[in-house]
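Trainee: All I have is the shape, not the residue letters:
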């Protein structure tokens, strides 16, 4: 069961003017499953994205990169679950393009105005014909107010759908930001995660939108890990329709920019944390804060060393304050000139280690009290600078093994 | 149960002239457990070692490094299990030195001629007094022919003791190489593994011995992983007593050097692979060969990406040929200019992927046949050079989680 992931309340998900969603069943992997999502975007919409750095990136990721790099005006997205269309070579590219072109035909736009996405099993041919056959039904289903259904359509091993929505005043106009994400395993994004879509009716220039995609990804989807495996299909897409009628946000110095960026980050972090709360087999939600670093990269390296360690994650699963494992992970993170004498390690509000060893004030009872919680914060104070980073992860349980030993069957 | 790890036959472990072993019970963690090992080395013995690069390295590792760097002639080693003496600050250093000094007193040598080692739980004070009290019994027990008992004394979560022994002719003399190792979890050595001791009666100069320590470690202990966690206590020690009476091996160009190096590597690889066969919860022994690389480092990076992936390891546990996960791991390994079109991936003798996608000849039945084996080789042909590297690992099972959720209790 997801860790403190509230059930989705569709009434809390504000529609975004200029964005319509349609869902249909193609039976990609499971007959009858509603597994295809189409998003139609109003004319004039700006789209930005960041994608996995995995060299075996999926065919649709390659198509998306080409389209965005060429500056085409995107008018639609199509997402299937059940098959990743990754590790599929040139044939995979042709199948991804076939789906895009078919949707373009349905909508009366050009093929290069449609971004395709896939998630599911790697190394299997995409059943493009099944998806194409389902597109008319998805198009017929297009409407603005079904973000919750869209979140459900893109799930794979996810137990729960993930969505978030905020409204913020920008230059006297109320703008809406609504997003969905999916993912529970193969989660260690290295640009973004598979899959995050955030749409707003704010008017934002493409240049600013692309910068915001990278900036918010680094502080949300690029700060989580379930199992350290960077997917072939990670994609994080920002959509700005401009329908709110605000003056276009086109420079970073403005107060509007800051307000918009913060609301956007809030949505992105909520979606990213939802993936961790629903991490495969998760029973604990762990926040790893690393402070006092010389730079952001080293804080992140220490945070990820802790967040990726199977030994730490299994100890948290057992609610066992076996905290030497945290020191061990800090010690093998890639910070070459780390002085362990300067470090402090905190578990919740309890000082665990300082001066290279266990804190004199620490007791097992204090540690146990924090470990019994479902949400636990580990804070590492490096004592060598003023930078900080936060990483989110979950524990490692029997069910992680079970889910991944069973996934294909 | 360990994967194809033959039961130790003490009669196959040749004693090494100049090395005596003694074992006693200190009750460090478990009352009555034979948990302290002493090794006494004849005068004139050369010793070399490589140690963990973990910044939170254990107190005894720091003491060993000091002693070897200063060029002291080592005459004894003392090893305890049940407590790692890591994350213990200055107090831990004092406790390690207390144990060394006590053994030096028992043996009539100088304190800086004794190397201390510890393995077990991190962040707990070492019960040095208990260990000191057990030393007289360990010294009274010293004899050449108990390598199997020594292997058993240093175990932690190991299910089975690990030892190997070879004899080889060097310059007309038969020399013996015998070693022991321990380790099952927190295994991703970054210099050596916790703990490997290999002794020979060959005469070898200290300079050559130190080079061999690094060279053999890189191809044995530094090529294995159970869980990606680099321990605070990894230590790999080479001991050469010279009692065989061969002409001292003091340069790398000689035929004797090559024969000795190969026999030594055989022992070190056998010990390292034994750790994987006994990896926590292991049901499969996996060999990952990476060929056709531009250099050894990139081959190793690809090998470790596969060997560390929880998704691949859980699929192997399930004997599920979910081989897209292997492509995914290759894709996120750190080889920046990898051309996935040039790659081949083989599972045993079956070609799985080529030209960026699934091989036309591949069938699920072929993959399943190999996956059902207990020992499986994955071969990746990078197609961009002539270097190669091999990494060994095990699968990831329910029992890994169980063992590490329970370890301290």
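Mentor: Yep, that arrived. Source: prediction; values computed, not measured.

Trainee: which bits of the stretch 201-350 of chain A sit near chain B?
Mentor: A:227-232, A:308-311, A:314-315, A:317-318, A:320, A:322-325, A:327-332, A:335, A:338, A:340-341 (Cβ under 8 Å from any Cβ of the partner chain). In short, each C-beta sits where N, CA and C put it, glycine included.

Trainee: and with 7 Å instead?
Mentor: A:227-232, A:309-311, A:314-315, A:317-318, A:320, A:322-325, A:327-332, A:338, A:340 (Cβ under 7 Å from any Cβ of the partner chain).

Trainee: which regions of the stretch 1-150 of chain A sit below the pLDDT cut-off?
Mentor: Residues of the stretch 1-150 of chain A meeting the criterion pLDDT under 70: none.

Trainee: Chain neighbours aside, what residue packs nearest to the residue in it that chain B sits nearest to?
Mentor: The minimum distance from the stretch 1-150 of chain A to chain B, using Cβ to the nearest Cβ, falls at residue A:122 (2.4 Å). Excluding its sequence neighbours, the residue lying closest to residue A:122 (Cβ to Cβ, 6 or more residues apart in numbering or on different chains) is residue B:324, at 2.4 Å.

Trainee: I figured that neighbour was touching residue A:125, is that so?
Mentor: No - the criterion here is Cβ atoms under 7 Å, and residue B:324 misses it with residue A:125 at 11.7 Å.

Trainee: more crowded one of these two?
Mentor: Between residue B:324 and residue A:125, counted using other Cβ atoms under 10 Å in any protein chain shown, the more crowded position is residue B:324 (26 against 14).

Trainee: The more buried one: what's it in contact with?
Mentor: A:86, A:87, A:121, A:122, A:123 (Cβ atoms under 7 Å, 6 or more residues apart in numbering or on different chains).

Trainee: Name the surrounding residues that touch the helix or strand where residue A:78 lies.
Mentor: Applying DSSP states H and E as the criterion places residue A:78 in strand A:76-83. For strand A:76-83, contacts defined as Cβ under 7 Å, 6+ apart pick out A:26, A:28-30, A:35-41, A:99-100, A:103, A:107, A:109, A:113-121, A:124, A:126-127, A:131, A:153-156, A:195.

Trainee: Any chance of the contacts of residue B:324 in JSON lines with secondary structure and neighbour count as columns?
Mentor: Below are the contacts of residue B:324 laid out as JSON lines (DSSP: H, G, I helix; E, B strand; the rest coil; neighbours: other Cβ atoms under 10 Å in any protein chain shown):
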{"residue": "A:86", "secondary structure": "coil", "neighbour count": "31"}
{"residue": "A:87", "secondary structure": "coil", "neighbour count": "30"}
{"residue": "A:121", "secondary structure": "strand", "neighbour count": "20"}
{"residue": "A:122", "secondary structure": "coil", "neighbour count": "27"}
{"residue": "A:123", "secondary structure": "coil", "neighbour count": "27"}
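
Trainee: Could you measure from the most far-flung residue of chain A relative to its centre over to residue A:353?
Mentor: Centroid-distance maximum for chain A: residue A:360 at 39.9 Å, with Cα atoms, centre = their mean. Note on residue A:360: its distance to residue A:353, by Cβ to Cβ, to the nearest Å, is 11 Å.

Trainee: Repeat that for residue A:224.
Mentor: 25 Å.

Trainee: And residue A:141, by the same measure?
Mentor: Distance from residue A:141 to residue A:353, by Cβ to Cβ: 55 Å.

Trainee: of those two, who's got more company?
Mentor: Using other Cβ under 10 Å, the more surrounded residue of residue A:141 and residue A:353 is residue A:353, with 25 against 18.
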